[in-house]
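# Below are the sequence and a predicted model for it; my questions follow.
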Amino acid sequence: MKTGNAPKPKIEDEQLKEKRGAFVTLKVNDQLRGCIGYPLPYKPLWETIADVAISAATEDPRFEPIRLEELPDTKIEISVLSLPKSIKDIKEIEVGKHGIIISKGPCKGLLLPQVPVEWNWDLETYLSHGCLKAGLDEDEWKKGVDIEIFCAQVFSE
């Protein structure tokens, strides 16, 4: 990867050829250093993971790009997503099972299902952080937002 050219693997597993949404989360010494993904299935899973892994390492605007010397201390987590489903009642959300996408007008924020578990959030705190991620007031979910839920199959080191 020092050349900037991603390898072009020969993919034989049919599941990796399916179009799926996915996120890659990178942590260096247990500190978040990048998390980028596609919530919708734009590309085959193998290509999505390759693209978002590179983006998480180099393009997450919250962090400096991961440096070569950090790689031995970098842990990767891959979340393969189900299709998002609109809900009408927040009682449909199971904390720890469902990721959320909160949107209102042009504002949109996504939190993976493992996030509230890592931070020990209850449902209301989860929704508040989803609103903040969307750039909305933290209590906007009480006033009316569109909420979608999804599940994730998570792989990590």
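Nice, thanks for sending it over.
# Next one, pLDDT for residue 1 please.
At residue 1 the predicted local distance difference test score is 50.
# Now residue 100: closest residue in space, sequence neighbours ignored.
In space, not counting the residues next to it along the chain, residue 100 is nearest to residue 130; the distance is 4.8 Å by CB to CB, 6 or more residues apart in numbering. In short, each C-beta sits where N, CA and C put it, glycine included.
# For the one you found, grab the count of nearby residues.
Each residue near residue 130 was counted by other CB atoms under 10 Å, and the total is 27.
# Let me know the secondary structure of it.
What DSSP: H, G, I helix; E, B strand; the rest coil gives for residue 130 is helix.
# Please list all residues in contact with it.
The neighbourhood of residue 130, defined by CB atoms under 8 Å, 6 or more residues apart in numbering, consists of 100, 101, 102, 109, 110, 111, 141, 147.
# and with 10 Å instead?
Residues in contact with residue 130 (CB atoms under 10 Å, 6 or more residues apart in numbering) are 93, 99-103, 108-111, 115-116, 136, 138, 140-141, 145, 147.
# Next step: these restricted to strands.
Applying DSSP state E to the contacts of residue 130, the entries found in strands are 99, 100, 101, 102, 103, 108, 109, 110, 111, 147.
# nearest residue to the first one other than its sequence neighbours?
Using CB to CB, 6+ apart and skipping the chain neighbours, the partner closest in space to residue 99 is residue 113 (4.4 Å).
# mind giving me the domain split of the protein?
Per automatic domain parsing, the structural domains of the chain span 15-80, 84-150.
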